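J.: Predicted model follows, preceded by the sequence.
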Amino acid sequence: DGGITQSPKYLFRKEGQNVTLSCEQNLNHDAMYWYRQDPGQGLRLIYYSQIVNDFQKGDIAEGYSVSREKKESFPLTVTSAQKNPTAFYLCASSMGHRSYNSPLHFGNGTRLTVT
Amino acid sequence: KNEVEQSPQNLTAQEGEFITINCSYSVGISALHWLQQHPGGGIVSLFMLSSGKKKHGRLIATINIQEKHSSLHITASHPRDSAVYICAVGGSQGNLIFGKGTKLSVKP
């Protein structure tokens, strides 16, 4: 079955360490997205990519970095520059190049805790 | 003011009840999405609509573009419907703007 796989489900890191969250899709979707979810808030866009080797900053990109070397993969690195990294991170993909005109497919998320 | 407002924030229902969740938005949109997030955190897309009404099983979504309002209805609710329901709209920047979600709990 096609889908999006995020790993790991839970991740613990010490403050000051960079950490990379994995996101892989086998849906053959062009567009991929990273969202952050905090309690009581709507999802916020961190980065998105519409095509291999290209990506754009979202609303809260500071302290994060991404790469899109393969169509299937869109890893997110949370750097030590991110002031409040503890959150639930969701990866998504869509067939279209704009997230509003194609159904989104989400992974199951990675819960990152930084102490 | 948030660009996407959902109501209610929390909703508790008895099994079998008819449920309505509302979403109002202030931006011009091309499409509106309804999503379901289960306690484990994974999100499933329920509907994407730009006009009228869509139905899938016990779920019905409607949208009124003139009033900038959408509703998600669940008929004959069941405990397995317990989840957070999220409304998202396509904003002018080309990306989605998400509501904060409505937490639904259906009691047996």
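T.: Looks like it arrived, so ask away.
J.: Return the residues in contact with the one residue in chain B that gets nearest to chain A.
T.: Nearest residue of chain B to chain A: B:Gly90, at 2.3 Å (CB to the nearest CB). Just so you know, the C-beta spots here come from the backbone N, C-alpha and C atoms, and that holds for glycine as well. By CB atoms under 8 Å, 6 or more residues apart in numbering or on different chains, the residues touching B:Gly90 are A:98-101, B:29-32, B:96-97.
J.: Recalculate using a threshold of 6 Å.
T.: Contacts were defined as CB atoms under 6 Å, 6 or more residues apart in numbering or on different chains; by that measure B:Gly90 touches A:100, B:29-31.
J.: what about burial for those, which qualify?
T.: A:100, B:29, B:31 (16 or more other CB atoms under 10 Å in any protein chain shown).
J.: how about low-confidence regions in the chain?
T.: Using chain A here. For chain A, the stretches flagged by pLDDT under 70 are A:1, A:98-99.
J.: nope, chain B
T.: Looking at chain B by pLDDT under 70, you get B:1-2, B:91-94.
J.: Close to chain A: what parts of it are there?
T.: Contact residues, chain B versus chain A (CB under 6 Å from any CB of the partner chain): B:30-31, B:41-43, B:45, B:48, B:90, B:94-96, B:98-100.
J.: so of those residues, which ones are in helices?
T.: Within those, no residue falls in helices by DSSP state H.
J.: out of those residues, which is most surrounded?
T.: Compared across the residues of chain B next to chain A, B:Leu96 has the highest neighbour count, 28 neighbours, by other CB atoms under 10 Å in any protein chain shown.
J.: Not counting sequence-adjacent ones, nearest residue to that residue?
T.: Counting by CB to CB, 6 or more residues apart in numbering or on different chains, B:Ala88 is the residue found nearest to B:Leu96 once chain neighbours are left out, at 4.4 Å.
J.: in which helix or strand would I find that neighbour?
T.: Per DSSP states H and E, B:Ala88 falls inside strand B:83-90.
J.: what lines up beside that strand in the sheet?
T.: strand B:32-37 (antiparallel), strand B:96-98 (antiparallel), strand B:102-107 (antiparallel) (DSSP bridges).
J.: Just say which of these is most tucked in.
T.: Most buried of the strands paired with strand B:83-90 by mean neighbour count (mean count of other CB atoms under 10 Å in any protein chain shown) is strand B:96-98; its value is a mean of 25.
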